[in-house]
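In: predicted model, plus sequence, below.
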Amino acid sequence: MKNLTIKAGNCNHRRYLPRLLDLVVTGVVDPTAFIIQHEKPTAAIEAYETFDRREEGWLKTVLDLA
């Protein structure tokens, strides 16, 4: 026992999501502008691992199924 405390949290989605959806619906914000990586489904695990390591250039990723 090392007297360590680990805390984790999440953002307050319920507070921000309605306003963000309004911005998308009215066209003020285009969420596709944040998608900077397109990967094939066969590369999904590697893509998520790279995103999880917060490597540069990995803000949002889309798995292209077609």
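Out: Perfect, I can see it now. Numbers count the residues shown, from 1 in each chain.
In: only C-alpha atoms for contact and neighbour calcs from this point on.
Out: Will do.
In: those strands in the protein, which residues are they?
Out: 37-39, 61-63 (DSSP state E).
In: my guess is D64 contacts E39. True?
Out: Yes. Between D64 and E39 there is a contact at 6.0 Å, judged by C-alpha atoms under 8 Å.
In: so what touches the top helix by length along the chain?
Out: Across the chain, the longest stretch assigned as helix under DSSP state H is helix 13-25. Contacts with helix 13-25, where a contact means C-alpha atoms under 8 Å, 6 or more residues apart in numbering, come from V29, D30, P31.
In: just how off-centre is it within its chain?
Out: Between the centre of helix 13-25 and the centre of its chain there are 15 Å (C-alpha atoms, centre = their mean, to the nearest Å).
In: swap in stretch 33-52?
Out: Using C-alpha atoms, centre = their mean, the mean C-alpha position of stretch 33-52 is found 10 Å from that of the whole chain.
In: okay, the strands of the chain in JSON lines with distance to T5, mean neighbour count and mean pLDDT next?
Out: Output for those, formatted as JSON lines (distance: least, C-alpha to C-alpha, whole Å; neighbours: other C-alpha atoms under 10 Å; pLDDT from 0 to 100):
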{"stretch": "strand 37-39", "distance to T5": "35", "mean neighbour count": "14", "mean pLDDT": "71"}
{"stretch": "strand 61-63", "distance to T5": "32", "mean neighbour count": "15", "mean pLDDT": "70"}
